[in-house]
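Engineer: Any chance you can model this:
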Amino acid sequence: MAIVVTLDVMLATRKVKSRDLAEHVGITVANVSLLKQGKVKGVRFDTLERICEFLDCQPGDILKYVKD
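Structural biologist: Sure thing, here's the model as predicted:
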């Protein structure tokens, strides 16, 4: 099983730059990039909350469960 991060799709849909998201959330652009690539082991709920607030979306819009 895998969790796939579709943050890049949501950013494109909303026409938002990673830099703007990083500034609002309070994380680095490098961390946004790692998150978009799915190269993180976890994400704090408050970070996820700020991302969803900024993008006006639900966590399920940026995180998908995919069976192996």
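
Engineer: The protein: helices as residue ranges?
Structural biologist: Residue ranges of the helices in the chain, as given by DSSP state H, are 7-14, 18-25, 29-37, 45-55, 59-62.

Engineer: Need those in TSV (columns: mean pLDDT, mean neighbour count and distance to Asp68).
Structural biologist: For every residue, glycine as well, the C-beta is placed using N, CA and C. Formatted as TSV, those follow (pLDDT from 0 to 100; neighbours: other Cβ atoms under 10 Å; distance: least, Cβ to Cβ, whole Å):
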stretch	mean pLDDT	mean neighbour count	distance to Asp68
helix 7-14	96	16	21
helix 18-25	97	16	29
helix 29-37	96	16	20
helix 45-55	97	15	24
helix 59-62	96	15	20
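
Engineer: From Val25, how far out is Lys17?
Structural biologist: When distance is defined by Cβ to Cβ, to the nearest Å, Lys17 is 13 Å away from Val25.

Engineer: and the gap between the residue lying closest to Val16 once chain neighbours are set aside and Thr28?
Structural biologist: Spatial nearest neighbour of Val16, excluding adjacent residues (Cβ to Cβ, 6 or more residues apart in numbering): Leu55 at 6.7 Å. Distance, Leu55 to Thr28, by Cβ to Cβ: 18 Å.

Engineer: picking up where we left off before, who are the contact partners of the residue nearest to Val16?
Structural biologist: By Cβ atoms under 8 Å, 6 or more residues apart in numbering, the contact list for Leu55 reads 10-11, 14, 16, 21, 61-62.

Engineer: roughly how far apart are it and Lys67?
Structural biologist: Distance, Leu55 to Lys67, by Cβ to Cβ: 26 Å.

Engineer: Same question for Ile3.
Structural biologist: 11 Å.

Engineer: of those two, who's got more company?
Structural biologist: Ile3 (11 against 5; other Cβ atoms under 10 Å).
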